[in-house]
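Peer 1: how does the following fold in three dimensions:
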Amino acid sequence: MASSTFIKSIFLSILVLVSLCQAQKSASKPKAGLLPVSKDPSTLQYITRLNIGTPSVPKTLVVDLGGRYTWIDCTNGYNSSTYKPGICGSAPCSLAKSSGACTKDKINICYLIPENTVTGNIDLFGEVAMDKISLQSTDGSKPGPLNSVQDFIFSCARDHKLVIDLARGAKGMLALGRNPVGLPTQLASFFGGGLRRKFAICLPSKPKTNGVIFFGDSPYIFYPSYNESKTMDVSSRFAYTKLYVNPVSTAGAYTRGEQSTEYFVGVNSITVERKPIRINSTLLSINNRGYGGTKISTVRPYTVVESSIYRALVKAFDEAIIPVWNVSKVKPVKPFNDCYAVGNMGMTPLGIGAPDIAFVFENNVKWEIYGANSMVEISSNVYCLGFLDGGSRPRTSIVIGAHQLEDNLLQFDLAASKLAFSQTLILGAIECSNFKF
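Peer 2: Numbering: from 1, shown residues only. As a prediction, the model looks like this:
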(Lines give C-alpha, C1' and ligand atoms only; values in the text may rest on other atoms or scores of the structure.)
Protein backbone atom coordinates (compact mmCIF):
# COMPACT_ATOMS: atom_id res chain seq x y z
CA MET A 1 0.00 0.00 0.00
CA ALA A 2 2.79 2.41 0.98
CA SER A 3 4.67 1.38 -2.12
CA SER A 4 1.62 2.18 -4.30
CA THR A 5 1.20 5.59 -2.67
CA PHE A 6 4.87 6.35 -3.19
CA ILE A 7 4.67 5.43 -6.90
CA LYS A 8 1.59 7.62 -7.33
CA SER A 9 3.40 10.48 -5.63
CA ILE A 10 6.39 10.12 -7.93
CA PHE A 11 4.10 9.94 -10.97
CA LEU A 12 2.24 13.13 -9.96
CA SER A 13 5.54 14.93 -9.35
CA ILE A 14 6.72 14.02 -12.83
CA LEU A 15 3.46 15.27 -14.34
CA VAL A 16 3.82 18.57 -12.49
CA LEU A 17 7.43 18.96 -13.64
CA VAL A 18 6.48 18.18 -17.25
CA SER A 19 3.63 20.70 -17.08
CA LEU A 20 5.93 23.36 -15.64
CA CYS A 21 8.55 22.72 -18.30
CA GLN A 22 5.94 22.92 -21.05
CA ALA A 23 4.53 26.14 -19.59
CA GLN A 24 8.00 27.61 -19.32
CA LYS A 25 8.79 26.58 -22.89
CA SER A 26 5.51 28.10 -24.09
CA ALA A 27 6.13 31.32 -22.14
CA SER A 28 9.62 31.62 -23.61
CA LYS A 29 8.24 31.52 -27.15
CA PRO A 30 5.85 34.43 -27.60
CA LYS A 31 3.62 34.70 -30.65
CA ALA A 32 4.25 38.44 -30.95
CA GLY A 33 6.62 41.13 -29.71
CA LEU A 34 6.81 44.89 -29.93
CA LEU A 35 9.03 47.94 -29.81
CA PRO A 36 7.98 51.56 -29.27
CA VAL A 37 8.79 54.04 -32.04
CA SER A 38 8.88 57.83 -31.79
CA LYS A 39 9.49 60.77 -34.11
CA ASP A 40 12.59 62.92 -33.70
CA PRO A 41 11.42 66.52 -34.36
CA SER A 42 14.81 67.78 -35.58
CA THR A 43 15.63 65.13 -38.19
CA LEU A 44 12.10 63.72 -38.77
CA GLN A 45 13.64 60.27 -38.31
CA TYR A 46 11.89 57.50 -36.39
CA ILE A 47 13.73 56.04 -33.45
CA THR A 48 13.34 53.08 -31.12
CA ARG A 49 15.23 51.68 -28.14
CA LEU A 50 16.58 48.14 -28.30
CA ASN A 51 17.85 46.42 -25.15
CA ILE A 52 21.15 44.72 -25.99
CA GLY A 53 24.06 43.10 -24.22
CA THR A 54 24.86 41.94 -20.70
CA PRO A 55 24.19 43.92 -18.64
CA SER A 56 21.28 44.96 -20.85
CA VAL A 57 21.63 48.53 -22.15
CA PRO A 58 18.94 50.33 -24.19
CA LYS A 59 20.42 51.61 -27.46
CA THR A 60 18.64 54.32 -29.42
CA LEU A 61 18.45 53.27 -33.07
CA VAL A 62 16.95 54.88 -36.18
CA VAL A 63 14.31 52.62 -37.75
CA ASP A 64 15.23 51.60 -41.29
CA LEU A 65 12.31 49.75 -42.88
CA GLY A 66 14.33 48.30 -45.76
CA GLY A 67 17.70 48.01 -43.99
CA ARG A 68 19.76 44.88 -44.63
CA TYR A 69 21.04 44.41 -41.11
CA THR A 70 21.05 46.27 -37.83
CA TRP A 71 24.25 48.14 -37.08
CA ILE A 72 25.53 49.72 -33.88
CA ASP A 73 28.44 52.08 -33.25
CA CYS A 74 30.90 49.98 -31.24
CA THR A 75 33.64 52.62 -31.00
CA ASN A 76 32.47 54.21 -27.77
CA GLY A 77 31.01 52.54 -24.72
CA TYR A 78 29.97 49.12 -26.05
CA ASN A 79 30.76 46.64 -23.29
CA SER A 80 28.97 43.32 -22.93
CA SER A 81 29.92 39.96 -21.45
CA THR A 82 27.71 38.16 -24.02
CA TYR A 83 29.24 39.85 -27.08
CA LYS A 84 30.68 37.45 -29.66
CA PRO A 85 32.55 38.29 -32.88
CA GLY A 86 31.64 36.49 -36.10
CA ILE A 87 34.42 34.10 -37.08
CA CYS A 88 35.24 33.56 -40.73
CA GLY A 89 33.52 30.46 -42.10
CA SER A 90 31.00 30.35 -39.23
CA ALA A 91 27.24 30.00 -39.71
CA PRO A 92 26.51 33.61 -38.60
CA CYS A 93 28.96 34.99 -41.18
CA SER A 94 27.41 32.84 -43.90
CA LEU A 95 23.86 33.81 -42.88
CA ALA A 96 24.80 37.50 -42.88
CA LYS A 97 26.46 37.09 -46.29
CA SER A 98 29.55 38.88 -45.04
CA SER A 99 31.87 40.48 -47.55
CA GLY A 100 34.17 37.44 -47.55
CA ALA A 101 37.16 39.50 -46.43
CA CYS A 102 38.58 38.58 -43.03
CA THR A 103 40.93 40.26 -40.62
CA LYS A 104 44.42 38.74 -40.64
CA ASP A 105 44.77 38.40 -36.90
CA LYS A 106 44.43 35.10 -35.07
CA ILE A 107 40.66 35.22 -34.58
CA ASN A 108 39.74 35.85 -38.24
CA ILE A 109 36.74 38.16 -37.75
CA CYS A 110 34.51 38.54 -40.81
CA TYR A 111 33.31 41.88 -42.14
CA LEU A 112 29.77 43.18 -42.63
CA ILE A 113 29.57 46.65 -44.18
CA PRO A 114 27.08 48.86 -42.29
CA GLU A 115 25.39 51.73 -44.14
CA ASN A 116 23.88 54.95 -42.85
CA THR A 117 20.94 55.00 -45.27
CA VAL A 118 20.14 58.61 -44.33
CA THR A 119 23.48 59.89 -45.69
CA GLY A 120 24.56 56.96 -47.86
CA ASN A 121 27.86 56.64 -45.95
CA ILE A 122 29.30 53.18 -45.29
CA ASP A 123 31.94 51.61 -43.03
CA LEU A 124 34.13 49.15 -44.92
CA PHE A 125 35.45 47.67 -41.67
CA GLY A 126 32.23 46.85 -39.85
CA GLU A 127 32.33 43.41 -38.22
CA VAL A 128 29.79 40.62 -37.89
CA ALA A 129 28.81 40.53 -34.22
CA MET A 130 26.38 38.69 -31.95
CA ASP A 131 24.85 39.61 -28.63
CA LYS A 132 21.74 39.11 -26.54
CA ILE A 133 18.75 41.39 -27.13
CA SER A 134 15.41 41.58 -25.37
CA LEU A 135 12.02 43.00 -26.29
CA GLN A 136 8.55 42.86 -24.85
CA SER A 137 5.98 40.30 -25.89
CA THR A 138 2.41 41.41 -26.60
CA ASP A 139 -1.10 40.08 -27.01
CA GLY A 140 -1.81 42.95 -29.39
CA SER A 141 -3.39 45.20 -26.78
CA LYS A 142 -0.56 45.94 -24.34
CA PRO A 143 3.09 45.10 -23.65
CA GLY A 144 3.90 41.81 -21.91
CA PRO A 145 7.00 40.28 -20.29
CA LEU A 146 10.47 40.74 -21.73
CA ASN A 147 11.80 37.95 -23.93
CA SER A 148 15.46 37.45 -24.76
CA VAL A 149 17.06 36.47 -28.05
CA GLN A 150 20.52 34.95 -27.78
CA ASP A 151 23.20 35.63 -30.40
CA PHE A 152 21.31 38.29 -32.34
CA ILE A 153 23.41 39.04 -35.44
CA PHE A 154 24.27 42.65 -36.27
CA SER A 155 27.12 44.74 -37.68
CA CYS A 156 29.52 46.36 -35.24
CA ALA A 157 30.56 49.67 -36.84
CA ARG A 158 34.16 50.76 -36.26
CA ASP A 159 33.85 54.23 -37.83
CA HIS A 160 32.46 56.65 -35.23
CA LYS A 161 31.51 59.08 -38.01
CA LEU A 162 28.85 56.71 -39.35
CA VAL A 163 26.29 58.09 -36.87
CA ILE A 164 26.65 61.63 -38.26
CA ASP A 165 23.24 63.07 -39.28
CA LEU A 166 21.32 60.46 -37.32
CA ALA A 167 18.88 61.64 -34.66
CA ARG A 168 20.52 62.96 -31.52
CA GLY A 169 21.61 60.09 -29.27
CA ALA A 170 21.18 57.42 -31.97
CA LYS A 171 23.89 54.74 -31.91
CA GLY A 172 22.99 53.03 -35.16
CA MET A 173 20.08 51.77 -37.25
CA LEU A 174 17.52 49.00 -36.71
CA ALA A 175 17.02 46.96 -39.89
CA LEU A 176 13.59 45.57 -40.76
CA GLY A 177 14.46 44.58 -44.32
CA ARG A 178 13.75 41.33 -46.15
CA ASN A 179 17.01 39.66 -45.15
CA PRO A 180 17.98 36.53 -43.16
CA VAL A 181 19.56 38.82 -40.54
CA GLY A 182 16.86 41.50 -40.59
CA LEU A 183 15.17 41.72 -37.17
CA PRO A 184 11.79 40.21 -38.26
CA THR A 185 13.41 37.10 -39.73
CA GLN A 186 15.82 36.62 -36.83
CA LEU A 187 12.97 36.82 -34.32
CA ALA A 188 10.88 34.32 -36.29
CA SER A 189 13.86 31.94 -36.55
CA PHE A 190 14.73 32.17 -32.86
CA PHE A 191 11.21 31.70 -31.50
CA GLY A 192 10.20 29.07 -34.03
CA GLY A 193 6.85 28.73 -35.79
CA GLY A 194 4.90 30.51 -33.05
CA LEU A 195 6.18 33.93 -34.04
CA ARG A 196 5.50 34.32 -37.74
CA ARG A 197 7.70 36.08 -40.25
CA LYS A 198 5.70 39.27 -40.41
CA PHE A 199 5.71 42.67 -38.74
CA ALA A 200 3.67 45.86 -38.67
CA ILE A 201 4.60 49.50 -38.19
CA CYS A 202 2.49 52.41 -36.98
CA LEU A 203 4.42 55.70 -37.10
CA PRO A 204 3.23 58.54 -34.85
CA SER A 205 2.61 61.95 -36.39
CA LYS A 206 3.54 63.91 -33.28
CA PRO A 207 6.90 64.09 -31.45
CA LYS A 208 7.08 62.98 -27.81
CA THR A 209 4.52 60.24 -28.40
CA ASN A 210 5.04 56.53 -29.04
CA GLY A 211 3.85 54.62 -32.04
CA VAL A 212 4.50 50.89 -32.21
CA ILE A 213 6.26 48.17 -34.22
CA PHE A 214 4.67 44.72 -33.89
CA PHE A 215 6.54 41.49 -34.68
CA GLY A 216 4.77 38.22 -35.39
CA ASP A 217 1.02 37.73 -35.60
CA SER A 218 -1.39 39.43 -33.20
CA PRO A 219 -4.43 41.67 -33.17
CA TYR A 220 -3.65 45.38 -33.41
CA ILE A 221 -5.64 46.94 -30.60
CA PHE A 222 -5.84 50.74 -30.37
CA TYR A 223 -8.26 53.08 -28.61
CA PRO A 224 -10.10 56.02 -30.21
CA SER A 225 -9.06 59.47 -29.02
CA TYR A 226 -12.54 60.20 -27.67
CA ASN A 227 -12.66 57.15 -25.34
CA GLU A 228 -9.56 55.45 -23.92
CA SER A 229 -11.64 52.63 -22.41
CA LYS A 230 -12.92 51.58 -25.83
CA THR A 231 -10.71 49.39 -28.04
CA MET A 232 -10.63 48.55 -31.74
CA ASP A 233 -8.70 45.94 -33.71
CA VAL A 234 -7.66 48.02 -36.72
CA SER A 235 -6.64 44.96 -38.76
CA SER A 236 -10.33 44.72 -39.68
CA ARG A 237 -9.72 47.70 -41.98
CA PHE A 238 -6.87 46.15 -43.94
CA ALA A 239 -6.61 46.28 -47.71
CA TYR A 240 -3.98 44.08 -49.37
CA THR A 241 -1.50 44.25 -52.20
CA LYS A 242 1.52 42.28 -53.34
CA LEU A 243 5.11 42.96 -52.24
CA TYR A 244 7.76 42.76 -54.96
CA VAL A 245 11.48 42.02 -54.87
CA ASN A 246 13.89 44.26 -56.75
CA PRO A 247 16.41 41.79 -58.27
CA VAL A 248 19.25 44.32 -57.88
CA SER A 249 20.35 45.56 -54.46
CA THR A 250 19.60 49.21 -53.67
CA ALA A 251 22.27 49.34 -50.94
CA GLY A 252 25.32 51.60 -51.12
CA ALA A 253 27.68 48.59 -51.29
CA TYR A 254 26.62 45.10 -52.27
CA THR A 255 27.82 41.91 -53.93
CA ARG A 256 27.07 40.87 -57.49
CA GLY A 257 23.68 39.16 -57.78
CA GLU A 258 22.42 40.45 -54.43
CA GLN A 259 18.72 41.36 -54.32
CA SER A 260 17.33 44.46 -52.64
CA THR A 261 16.05 44.00 -49.09
CA GLU A 262 13.67 46.97 -49.41
CA TYR A 263 9.90 46.63 -49.79
CA PHE A 264 8.55 47.37 -53.27
CA VAL A 265 4.89 47.60 -54.24
CA GLY A 266 3.14 47.70 -57.60
CA VAL A 267 1.69 51.18 -58.12
CA ASN A 268 -0.29 51.20 -61.38
CA SER A 269 -1.41 54.83 -61.23
CA ILE A 270 -1.76 57.92 -59.06
CA THR A 271 -5.04 59.82 -58.84
CA VAL A 272 -5.94 63.34 -57.74
CA GLU A 273 -9.59 63.73 -56.83
CA ARG A 274 -10.09 60.21 -58.26
CA LYS A 275 -8.74 61.23 -61.69
CA PRO A 276 -5.56 59.45 -62.86
CA ILE A 277 -2.59 61.65 -63.72
CA ARG A 278 -0.51 61.05 -66.85
CA ILE A 279 2.50 58.81 -66.08
CA ASN A 280 5.00 57.06 -68.33
CA SER A 281 4.08 53.48 -67.37
CA THR A 282 7.64 52.20 -67.86
CA LEU A 283 8.67 54.20 -64.78
CA LEU A 284 6.32 52.12 -62.63
CA SER A 285 8.06 48.82 -63.38
CA ILE A 286 11.46 47.61 -62.15
CA ASN A 287 13.78 46.98 -65.10
CA ASN A 288 16.56 44.39 -65.27
CA ARG A 289 19.07 46.90 -63.89
CA GLY A 290 16.95 47.48 -60.79
CA TYR A 291 15.70 50.94 -61.81
CA GLY A 292 12.11 52.11 -61.51
CA GLY A 293 9.18 50.89 -59.44
CA THR A 294 7.86 52.01 -56.06
CA LYS A 295 9.27 51.33 -52.60
CA ILE A 296 8.30 52.29 -49.05
CA SER A 297 10.81 54.03 -46.79
CA THR A 298 10.99 55.23 -43.18
CA VAL A 299 14.26 57.12 -43.69
CA ARG A 300 12.86 59.47 -46.34
CA PRO A 301 10.72 62.06 -44.53
CA TYR A 302 8.50 62.75 -47.55
CA THR A 303 7.46 60.91 -50.70
CA VAL A 304 9.92 61.47 -53.56
CA VAL A 305 8.86 60.94 -57.18
CA GLU A 306 10.55 61.13 -60.58
CA SER A 307 10.38 64.59 -62.20
CA SER A 308 7.77 63.90 -64.90
CA ILE A 309 5.52 62.22 -62.31
CA TYR A 310 6.02 65.17 -59.97
CA ARG A 311 5.07 67.71 -62.65
CA ALA A 312 1.92 65.74 -63.55
CA LEU A 313 0.98 65.43 -59.87
CA VAL A 314 1.41 69.16 -59.18
CA LYS A 315 -0.47 70.13 -62.35
CA ALA A 316 -3.48 68.00 -61.36
CA PHE A 317 -3.28 69.15 -57.74
CA ASP A 318 -3.18 72.84 -58.73
CA GLU A 319 -6.11 72.41 -61.09
CA ALA A 320 -8.11 70.86 -58.26
CA ILE A 321 -7.14 73.16 -55.41
CA ILE A 322 -6.69 76.69 -56.79
CA PRO A 323 -10.17 77.35 -58.25
CA VAL A 324 -12.16 75.26 -55.75
CA TRP A 325 -10.41 76.28 -52.53
CA ASN A 326 -9.59 79.81 -53.73
CA VAL A 327 -5.93 79.47 -52.78
CA SER A 328 -2.84 81.06 -54.28
CA LYS A 329 0.66 79.69 -54.63
CA VAL A 330 3.38 81.30 -52.54
CA LYS A 331 7.17 81.24 -52.45
CA PRO A 332 8.51 77.68 -51.95
CA VAL A 333 9.82 76.70 -48.53
CA LYS A 334 12.66 74.17 -48.58
CA PRO A 335 12.64 71.25 -49.12
CA PHE A 336 9.27 71.76 -50.85
CA ASN A 337 8.68 73.16 -54.33
CA ASP A 338 4.94 73.87 -54.17
CA CYS A 339 3.37 75.83 -51.32
CA TYR A 340 -0.03 77.48 -50.90
CA ALA A 341 -1.67 80.27 -48.95
CA VAL A 342 -4.53 78.74 -46.99
CA GLY A 343 -7.39 80.58 -48.70
CA ASN A 344 -10.59 78.64 -48.11
CA MET A 345 -8.82 75.48 -47.01
CA GLY A 346 -10.30 74.64 -43.63
CA MET A 347 -9.40 72.05 -41.01
CA THR A 348 -11.21 68.72 -41.19
CA PRO A 349 -10.96 65.52 -39.10
CA LEU A 350 -8.52 64.31 -41.78
CA GLY A 351 -6.25 67.35 -41.60
CA ILE A 352 -6.22 70.48 -43.73
CA GLY A 353 -8.83 70.35 -46.50
CA ALA A 354 -7.06 69.52 -49.77
CA PRO A 355 -7.63 67.43 -52.90
CA ASP A 356 -7.44 63.69 -52.24
CA ILE A 357 -4.44 61.82 -53.65
CA ALA A 358 -4.33 58.04 -54.03
CA PHE A 359 -1.85 55.35 -55.00
CA VAL A 360 -3.66 52.70 -57.04
CA PHE A 361 -2.34 49.12 -56.89
CA GLU A 362 -3.35 45.93 -58.72
CA ASN A 363 -7.06 45.10 -58.81
CA ASN A 364 -7.85 48.77 -58.28
CA VAL A 365 -6.84 48.62 -54.60
CA LYS A 366 -6.37 52.22 -53.45
CA TRP A 367 -4.32 53.86 -50.73
CA GLU A 368 -6.09 57.16 -50.14
CA ILE A 369 -4.03 60.11 -48.86
CA TYR A 370 -5.83 63.03 -47.25
CA GLY A 371 -4.65 66.43 -46.05
CA ALA A 372 -2.96 65.20 -42.85
CA ASN A 373 -0.62 63.05 -44.95
CA SER A 374 -0.43 65.05 -48.18
CA MET A 375 0.21 68.55 -46.81
CA VAL A 376 2.82 69.96 -44.43
CA GLU A 377 2.08 72.96 -42.23
CA ILE A 378 4.65 75.74 -42.51
CA SER A 379 2.64 78.36 -40.65
CA SER A 380 -1.00 79.02 -39.84
CA ASN A 381 -1.35 80.61 -43.30
CA VAL A 382 0.91 78.45 -45.47
CA TYR A 383 0.89 74.72 -46.29
CA CYS A 384 3.17 72.88 -48.73
CA LEU A 385 2.54 69.76 -50.78
CA GLY A 386 4.46 67.00 -48.95
CA PHE A 387 5.91 65.42 -52.11
CA LEU A 388 9.39 66.10 -53.50
CA ASP A 389 10.87 66.14 -57.01
CA GLY A 390 13.39 63.29 -57.25
CA GLY A 391 14.97 64.32 -60.54
CA SER A 392 14.84 62.82 -64.01
CA ARG A 393 16.83 59.61 -63.41
CA PRO A 394 16.27 58.38 -59.84
CA ARG A 395 17.08 54.80 -58.94
CA THR A 396 13.47 54.29 -57.78
CA SER A 397 10.65 56.20 -59.49
CA ILE A 398 8.45 56.55 -56.40
CA VAL A 399 9.66 56.38 -52.80
CA ILE A 400 6.69 56.54 -50.42
CA GLY A 401 8.08 58.47 -47.45
CA ALA A 402 7.38 58.59 -43.74
CA HIS A 403 5.01 61.59 -43.72
CA GLN A 404 2.61 59.63 -45.90
CA LEU A 405 2.91 56.60 -43.56
CA GLU A 406 2.06 58.42 -40.33
CA ASP A 407 -1.07 57.25 -38.52
CA ASN A 408 -1.42 54.37 -40.97
CA LEU A 409 -0.83 50.76 -39.88
CA LEU A 410 1.20 48.76 -42.40
CA GLN A 411 1.75 45.02 -42.05
CA PHE A 412 4.56 43.32 -43.99
CA ASP A 413 4.02 39.58 -44.43
CA LEU A 414 7.41 38.28 -45.55
CA ALA A 415 6.30 34.67 -45.98
CA ALA A 416 3.35 35.58 -48.22
CA SER A 417 5.04 38.62 -49.89
CA LYS A 418 2.00 40.70 -49.06
CA LEU A 419 1.42 44.21 -47.72
CA ALA A 420 -1.65 45.01 -45.64
CA PHE A 421 -2.49 48.65 -44.96
CA SER A 422 -5.24 50.28 -42.95
CA GLN A 423 -5.62 53.62 -44.76
CA THR A 424 -5.43 56.54 -42.35
CA LEU A 425 -6.48 55.56 -38.82
CA ILE A 426 -7.73 59.10 -38.31
CA LEU A 427 -10.90 58.01 -40.13
CA GLY A 428 -11.73 56.11 -36.92
CA ALA A 429 -10.48 58.87 -34.58
CA ILE A 430 -7.34 56.77 -33.91
CA GLU A 431 -3.68 57.75 -34.06
CA CYS A 432 -0.64 55.50 -33.94
CA SER A 433 0.08 56.88 -30.47
CA ASN A 434 -3.21 55.39 -29.22
CA PHE A 435 -1.66 52.08 -28.20
CA LYS A 436 -1.58 51.39 -24.46
CA PHE A 437 2.07 51.15 -23.47
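Peer 1: give me the number of residues near the spatially closest residue to C339 that is not a sequence neighbour?
Peer 2: The spatially closest residue to C339, leaving aside those adjacent along the chain, is C384, at 4.0 Å (Cβ to Cβ, 6 or more residues apart in numbering). (C-beta placed from N, C-alpha, C; glycine too.) Each residue near C384 was counted by other Cβ atoms under 10 Å, and the total is 20.
Peer 1: tell me which element C384 is part of?
Peer 2: strand 382-385 (DSSP states H and E).
Peer 1: just give me how far that strand sits from the chain centre.
Peer 2: Averaging C-alpha positions (Cα atoms, centre = their mean, to the nearest Å) puts strand 382-385 26 Å from its chain's average.
Peer 1: in that strand, what's buried?
Peer 2: Within strand 382-385, the residues that count as buried by 16 or more other Cβ atoms under 10 Å are 383-385.
Peer 1: partners of the very next helix or strand once past that strand in the sheet?
Peer 2: Counting by DSSP H and E, the next helix or strand C-terminal to strand 382-385 is strand 387-389. Strand 387-389 sits in its sheet next to strand 303-305 (parallel), going by DSSP bridges.
Peer 1: per-residue confidence averaged over the strand it pairs with?
Peer 2: The pLDDT scores in strand 303-305 average 98.
Peer 1: do stretch 323-341 as well
Peer 2: Mean predicted confidence for stretch 323-341 is 95.
Peer 1: give the buried residues for it.
Peer 2: 325, 327, 330, 336, 338-340.
Peer 1: so what would you say the end-to-end distance of it is?
Peer 2: 13 Å (Cα to Cα, to the nearest Å).
Peer 1: where are the low-confidence patches of the stretch 1-150 of the chain?
Peer 2: 1-28, 99-107 (pLDDT under 70).
Peer 1: can you give me the helices for it?
Peer 2: 2-27, 91-95 (DSSP state H, counting those that start in this stretch).
Peer 1: got a markdown table for the buried residues of strand 382-385, with distance to V118 and pLDDT too?
Peer 2: Below are the buried residues of strand 382-385 laid out as a markdown table (distance: Cβ to Cβ, whole Å; pLDDT from 0 to 100):
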| residue | distance to V118 | pLDDT |
| --- | --- | --- |
| Y383 | 25 | 97 |
| C384 | 21 | 98 |
| L385 | 23 | 98 |
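Peer 1: which residues touch the residue nearest to S235 when sequence neighbours are not counted?
Peer 2: Nearest residue to S235, sequence neighbours excluded (Cβ to Cβ, 6+ apart): Y220, at 5.0 Å. By Cβ atoms under 8 Å, 6 or more residues apart in numbering, Y220 lies in contact with 140, 200, 202, 214, 233-235, 409, 411.
Peer 1: mind running it again at 10 Å?
Peer 2: Going by Cβ atoms under 10 Å, 6 or more residues apart in numbering, Y220 touches 32, 138, 140-141, 200, 202, 212, 214, 232-238, 409, 411, 420, 422, 425, 435.
Peer 1: which parts of this structure belong to which domain?
Peer 2: Domain assignment for the chain by automatic domain parsing gives 32-217, 232-428.
Peer 1: what are the bridge partners for the nearest residue to I400 once chain neighbours are set aside, then?
Peer 2: In space, I400 comes closest to I296 once its chain neighbours are excluded; the distance is 4.8 Å by Cβ to Cβ, 6+ apart. Listed by DSSP bridges, the beta-bridge partners for I296 are Y263, I400.
Peer 1: L388 too?
Peer 2: Applying DSSP bridges, one finds that L388 bridges with V304.
Peer 1: touching, it and P301? I think so.
Peer 2: Yes. Between L388 and P301 there is a contact under Cβ atoms under 10 Å: 8.9 Å.
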